[in-house]
Structures are given as C-alpha cells and as structure tokens.
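Asker: Kindly return the folded structure for what I paste below:
(one chain, ligands or ions: 2)
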Amino acid sequence: MDDQLTFEQDPECFRFRKALEKAVEAVGDTMPEAQLARFLKPLELRGRESHICYVTAPGEFVATWVRDKYLTQLESALSEELGEPVQICLEARLHEPPADRRLPVQLQPPSSDMSAIARYTFDNFVVGPSNRIAHDGAKAVADRPGGYCNPLFIYGKTGLGKTHLLWAIANRLRAAKQRRAIRCMTAQQFVEEFVTALRSGSIRRFRRSVESVSVWLVDDIDFLEEKRKTQEELFHLFNHLYESGKQLVFSCDRPPRELAGMPMRLRSRLESGLVADIQPPDTETRAEIVSMKAAKEGVELPAEVCESLAASVPDNVRTLEGILTTLLAHVSLGRRDPSLELVDEIIQAHFGTPEPCRPHADQIIARTASYFHLTDEEIRGPSRKAGLTRPRHIAVYLCREYAGESWKRLGERFGNRDHTSIMHGHRKIRGLLKEDPELLRDVRRLMDDLNLEN
Ligand code: ADP
Ligand code: MG
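Answerer: Ligands and ions are numbered 1, 2, ... in the order given. Next up is the predicted model:
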C-alpha cells in the first residue's frame, strides 16, 4: 500500500490545483475581499479519485460555511476549468500527518477523507467513564501492537467514537519512527476488495496484501453478518495474522456473541482478546467534547453554553458536533454572542418546535404539583422550603426533557428565576436519578401519568 502514487506525485496534480485556483477566483469575483481571503483562498486540493476531488479547508467552520454557500458554484467552476464534470468532497483540515506519511490517493474510501482521518487522534478524543476502557485498550495497542490487547474488539452504537479510536491507533503508529505496515479499512472495503479479487482471479495477491501487514484494523465488522464467504476469508486471515504475532483490531455495533449471523468459531476468535464497549457519553463528557472542539476552532465557549448544548442534544457525538458547527457559524459569521438563548434557538431549529403530542410545560407543572400535593403557586413560586425545591426541580427537569422548553422560558415559568438556578435544578435531578431509587420511582410515575416515553 505504501508504494502507490501520492497526489503530489500524480502528473495531473498541477493541472487540478491550477484549476481550483482559477475556480476560486471565478467564484470569489462576486464576494467581499475579506470573505474570499478567509473562506475560499485557503482551500486546498489534496487528492482526487476519478471525478471526485478531495478539497480541504482550514477548520470545520470554514468547511461548513463553504459547503453551505459555495459548493455548487465551486463545482461548476472547477468542472468548467477542467473540461470535465467533477464533484468536490470538502472536509476540514485540522491535524495533518507529516508529508511523507500522507495517505496515498487511491486508498481513500469515497465516504471519508484524508483530513477527517488525520484528525482522529488520541489528543482529540475526550475520555470519560463511558469510553475509558476502549480508549485505554486502543492506546495500549498503539504503544505495543501485538501485546496483551490482541485482538482488540471495540463495540458500541453509532456516533460514539469507534472509527475515531481505530484511526487514532493507525495515525499514532504511522507517526511513530519505526515503520510498520498498517492497514485500516472498513468491513465494506474488505468485502469489495475480496469480491474483486475473486472475480479477477487475484485472490492470492489479495491475501498476501493483508498477510503482510503488522497491524490490521477493520471497522464496522457487523457488515459481514450473513456474508459467509467473506467470513471464511476473515477467519483464515485472522488466524494467519494472529499466529504470526500481528495485531488485530475490530469495531462493531454489538459484542461478538451477539453477531448471530457469524459462525461460532469466528465469534470466539473475535472475543479472545480485549472486548471493550463504548457507551453514550454522560453530559459532563459531552460538555467537554463541545468545549474542546470549539477551542480547536479558536472559539472559547462559556462553560454554561457547553453544558447547555451537551444537555440538549442526545447522546450521539456526531449530532452534537453538527449542532456545535451551526453554533460556531452564528458566533463567527453572525457575530452573535455564544449565549444560552442562541443554544436554545439552534436546538429548536434543529429538532423542530415541540410536536403537538408533546405535553405542554403547564401540564407537566400542574401534574407534578398535584403528585406532591402542592399548589401551582407553591411549585412555581420563590419559596425555598425543603418540601418545595425537590418537586420544583423535578418539574423543571421534565419540562426541559419532554416539553423542549428553553432555559430562559423555564426561568419565566418558575417565578422569573435566573436561568442558572433552572439549570442547577435540572442538573441536580439528572445526577440524582442515577443513585436515588425513590426519586427515580417518582419521576417514572409522573412520566407514566403524563404519557411520556422514556
Ligand atoms: P462511530 O464510528 O462509533 O460511529 P465516530 O468515531 O465516527 O463514531 O465518531 C463520530 C464523531 O464524533 C467523530 O467526528 C468523532 O471524532 C467524534 N467523537 C466521538 N467520540 C468522541 C470523543 N470521546 N471525543 C471527541 N470526539 C469524539
Ligand atoms: Mg464508524
């Protein structure tokens, strides 16, 4: 894999880069100089694969902005310059691998991109209780491939960082002085290469190419369920590599034993090393992810904004990143303050206004009050008597989670309280729900009462 042409060595490289420069000039003609300098000029063409051009921007924010506003124009200008129709795949460039280790053009799977892959590092991965074992296992592999975590099997739902960890291993090993042959691929690529090899009679060459690696990482192995022939091949390659002391790493959406469409002998191989799950990150970890990603884009977000964003978005980190990108766009381009109001606005716009079937906040407050034998005024009012604060916090929690109320609006509903005290109440209940069975019982009963889905 290392002897393929990199884009820099491709004779067409110069022509394509020139064409992109011209396309940028053409599109930039109509925009203010400062925007041109910030958004379009820094775009770089980093590779191509038939009609797809891989272009990078300096940061996720610029990439999103260009994608939203100028991608179509850029594509047609570039196609015109080149005299052939091309598509642009635009991604942020955050951390580049050193030039001599740049990934060969041919290796790029169509759905990913060099810059995206290069930014999957251990430094960019926030560790919390939900992913610590998977992270530590991945690090152990990167430090000592073929050691005690072999094979490493990471599993978890989508958007929780499996691909990130796989590439973090590959990137760290690639950057290390000693050079090893590392192959990181998706299970889908594996199937495609295998089928192509079968069809073209080059199966021995295909096997040799995998058998010659020191570290083999296969992402999303659940893709192989029910694909008997490919599973056979995987089994064969697994044994060969494992017996030669090579490192194997797999990711999957569930543990090996639940891969019903795979034979027992393969499942038991897969679980013979370290099997580590990734759970959805808790709100603290999500807030840290938000803060770190914003800082990488050069924006310092106030802690309460990070927390509010983290609390409002479900556990999928990919969704969280998308919403953060929108927020950063408002802050940098729209010159808005990164405030709680802005977070609420973006969340509303993203998830839509509360559906008609959702209970209204007033309804939740009234039910909570009557459940605890309180009046509406008592639960909303200013008194801080012990018997009132807990029911009030529960009502706040339910309104926020199930009526989609903004912090500000909730403050108004509960006696014009400041949003920080509302957030405090919400946080308190969220934390206690993990350890206080009595509270959990009350909340569950209220949810049943209000027909709320868990
Ligand atoms: P999966 O492969 O499990 O579906 P990915 O690895 O593609 O998920 O992660 C989705 C996005 O979330 C990626 O951009 C990744 O960088 C980011 N991400 C996930 N977990 C973390 C984390 N703990 N710290 C930082 N970024 C994370
Ligand atoms: Mg993935």
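Asker: Please report how far residue 446 lies from residue 414.
Answerer: 17 Å (Cβ to Cβ, to the nearest Å). (Each C-beta comes from the backbone N, C-alpha and C, glycine too.)
Asker: do the same with residue 24
Answerer: Counting by Cβ to Cβ, the gap from residue 24 to residue 414 is 52 Å.
Asker: who's in contact with the residue in the chain that ligand 1 sits nearest to?
Answerer: Going by Cβ to the nearest ligand atom, ligand 1 is nearest to residue 161 of the chain, at 2.9 Å. Neighbouring residues of residue 161 by Cβ atoms under 8 Å, 6 or more residues apart in numbering: 125, 131, 134, 278, 317.
Asker: of all those residues, which two lie farthest apart?
Answerer: Using Cβ to Cβ, these reach their maximum pairwise distance at 134 and 317, which is 13.3 Å.
Asker: so how far is stretch 78-86 from its chain's centroid?
Answerer: Here stretch 78-86 is found 32 Å from its chain centre; the criterion is Cα atoms, centre = their mean, to the nearest Å.
Asker: Same check on stretch 239-246?
Answerer: Using Cα atoms, centre = their mean, the offset of stretch 239-246 from its chain centre is 32 Å.
Asker: same deal with stretch 255-267?
Answerer: The answer for stretch 255-267 is 26 Å, by Cα atoms, centre = their mean.
Asker: next one: stretch 295-302
Answerer: Worked out by Cα atoms, centre = their mean, stretch 295-302 lies 18 Å from the chain centre.
Asker: same check, this time on stretch 400-407
Answerer: Distance, centroid of stretch 400-407 to centroid of chain: 24 Å (Cα atoms, centre = their mean).
Asker: what's that stretch in contact with?
Answerer: By Cβ under 8 Å, 6+ apart, the surrounding residues in contact with stretch 400-407 are 308, 311, 340-341, 344, 347-348, 351, 353-354, 358-361, 364, 399, 410, 413, 419, 422-423, 426, 447, 450, 452.
Asker: Any idea how far apart the tips of it sit?
Answerer: One end of stretch 400-407 sits 8 Å from the other (Cα to Cα, to the nearest Å).
Asker: Please apply the same query to stretch 272-287.
Answerer: For stretch 272-287, the first-to-last residue distance is 35 Å (Cα to Cα).
Asker: Flag every buried residue along it.
Answerer: 273-278, 280-287 (16 or more other Cβ atoms under 10 Å).
Asker: Specify the local secondary structure of whichever residue of the chain sits closest to ligand 2.
Answerer: The chain approaches ligand 2 most closely through residue 163 (3.2 Å), counting by Cβ to the ion. Three-state assignment for residue 163 (DSSP: H, G, I helix; E, B strand; the rest coil): helix.
Asker: show me the contacts for it.
Answerer: Residue 163 makes contacts with 120, 219, 220, 251, as judged by Cβ under 8 Å, 6+ apart.
Asker: from those residues, which two are the most distant?
Answerer: 120 and 220 (14.6 Å).
Asker: Flag the helix or strand of this structure with the lowest per-element mean pLDDT.
Answerer: Least confident helix or strand, the chain: helix 114-118 with a mean of 64, by mean pLDDT, DSSP states H and E.
Asker: ok, then the element right after it?
Answerer: As assigned by DSSP states H and E, the chain's next helix or strand after helix 114-118 is helix 132-143.
Asker: Could you list the domains of the protein?
Answerer: The domain map for the chain lists 11-109, 117-278, 283-351, 361-449, with the assignment taken from automatic domain parsing.
Asker: To which secondary structure element is the closest residue to residue 162 other than its chain neighbours assigned?
Answerer: Leaving aside its sequence neighbours, residue 162 sits nearest to residue 251 (Cβ to Cβ, 6 or more residues apart in numbering; 4.0 Å). Residue 251 is located in strand 247-252, with elements delineated by DSSP H and E.
Asker: contact partners of that strand?
Answerer: With Cβ under 8 Å, 6+ apart as the criterion, strand 247-252 contacts 138, 141, 145-147, 150-155, 162-163, 165-166, 169, 214-222, 238, 241-242, 259, 270, 273.
Asker: Filter those residues down to just the buried residues.
Answerer: Neighbour-count burial (16+ other Cβ under 10 Å) is assigned, among those, to 138, 141, 145-146, 150-155, 162-163, 165-166, 169, 214-222, 238, 241-242, 259, 270, 273.
Asker: Mind checking which of these land in strands?
Answerer: Secondary structure from DSSP state E places 152, 153, 154, 155, 215, 216, 217, 218, 219 of these in strands.
Asker: For residue 88, give me its contacts.
Answerer: Residue 88 sits next to 52, 53, 55, 71, 74, 75, 78 when contact means Cβ under 8 Å, 6+ apart.
Asker: let's see 7 Å
Answerer: Applying Cβ atoms under 7 Å, 6 or more residues apart in numbering, one finds that residue 88 lies in contact with 53, 55, 71, 74, 75, 78.
Asker: Assumed it was part of a strand.
Answerer: Yes. The assignment for residue 88 by three-state DSSP puts it in a strand.
Asker: how close does it get to residue 52?
Answerer: For residue 88 relative to residue 52 (Cβ to Cβ), the value is 8 Å.
Asker: Same question for residue 228.
Answerer: For residue 228 relative to residue 52 (Cβ to Cβ), the value is 32 Å.
Asker: can you check residue 402 too?
Answerer: On the measure of Cβ to Cβ, residue 402 and residue 52 end up 43 Å apart.
Asker: go on, residue 399?
Answerer: Counting by Cβ to Cβ, the gap from residue 399 to residue 52 is 47 Å.
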